[in-house]
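*Asks:* Generate a structure from the sequence data that follows.
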Amino acid sequence: MILLDGSNDGIFASKSSIFYTNNWTWEFVIKWTSNTGTYQGIVWGEGATGSGDSGYQYLLALYNHTYFHYRISNTSSGWGNTNTANISFTPSNYTHIVWQFNNGTTYLYINGSLWHYDTSRGAYNGGSDSKMWIGCRNDLAYSSAASIPIARHYQRQLSGAEISANYLSYRYRFN
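*Replies:* Residues are numbered from 1 along each chain as shown. This is a model prediction of the structure:
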């Protein structure tokens, strides 16, 4: 279990091109223990200036417990922002979040149900050599105060049935 207190902490995975393709899924079970405001990082792959990393890849953050904010370096909108509609869950409870990108379409599932999608992205067009940060931004800013028992990356899109089954198994384990 990852426990973050929101004070410039997080974890990172080493640089790997497996994170940066046209077809991926991130799956989390997460409970925010307090509202640290602004962008509360969930997953953040953005090269740090001067670090040798390749620049903009993608990020997903919760904005002030109000909505999700994400960016994906892509051929249609560049490094364009997307802000979703207001959230539909209680941040102080464990929540199953699945975020997918598949050849230009993004999907966001909350507790096993498709909650948001966007077909306007185009192909992935970012770098491939940045570290992947969990629970914060690449410089440890925008850290989340959260408990994260599950953080998984898949090199494919999960089916709706897989997402629903995973949610049901996690639901009984964590809530």
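*Asks:* List the beta-bridge partners for residue 151.
*Replies:* residue 28 (DSSP bridges).
*Asks:* Which stretches in this protein count as strands?
*Replies:* Per DSSP state E, the chain carries strands over the ranges 2-5, 11-13, 23-32, 39-46, 56-63, 67-72, 81-86, 95-102, 105-110, 113-118, 132-134, 145-154.
*Asks:* Most tightly packed of the ones you listed?
*Replies:* Among the strands of the chain, strand 39-46 has the highest mean neighbour count (mean count of other CB atoms under 10 Å), at a mean of 25. Quick note: C-beta positions are derived from backbone N, CA and C, even for glycine.
*Asks:* by contact count, what packs against that one?
*Replies:* strand 23-32, strand 56-63, strand 95-102, strand 132-134, strand 145-154 (3 or more CB pairs under 8 Å, 6 or more residues apart in numbering; DSSP states H and E).
*Asks:* Dump it to PDB, restricted to CA.
*Replies:* The C-alpha trace of strand 39-46 is given here as PDB (Å, rounded to 0.1, in the frame of the first residue of the first chain):
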ATOM      1  CA  TYR A  39      -4.000  19.300  -9.000                       C
ATOM      2  CA  GLN A  40      -3.800  16.200  -6.800                       C
ATOM      3  CA  GLY A  41      -1.500  14.000  -8.900                       C
ATOM      4  CA  ILE A  42      -2.600  10.400  -9.700                       C
ATOM      5  CA  VAL A  43      -0.300   9.500 -12.500                       C
ATOM      6  CA  TRP A  44       2.200  11.900 -14.100                       C
ATOM      7  CA  GLY A  45       4.600  11.200 -17.000                       C
ATOM      8  CA  GLU A  46       6.100  14.600 -17.900                       C
END
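*Asks:* from now on call the first residue 146
*Replies:* Sounds good: first residue 146 from here, last item strand 184-191.
*Asks:* in this structure, which ranges drop under the pLDDT threshold?
*Replies:* 192-199 (pLDDT under 70).
*Asks:* right, and residue 218 touches residue 225 too?
*Replies:* No. Between residue 218 and residue 225 no contact is recorded; they are 9.1 Å apart, counting by CB atoms under 8 Å.
*Asks:* between these two, which one's more packed in?
*Replies:* Between residue 218 and residue 225, counted using other CB atoms under 10 Å, the more crowded position is residue 218 (22 against 14).
*Asks:* Got the phi and psi for that one?
*Replies:* phi -70, psi 120 (degrees, to the nearest 10).
*Asks:* what's residue 271 in contact with, if anything?
*Replies:* Applying CB atoms under 8 Å, 6 or more residues apart in numbering, we find residue 271 in contact with 165, 190, 199-203, 217-219.
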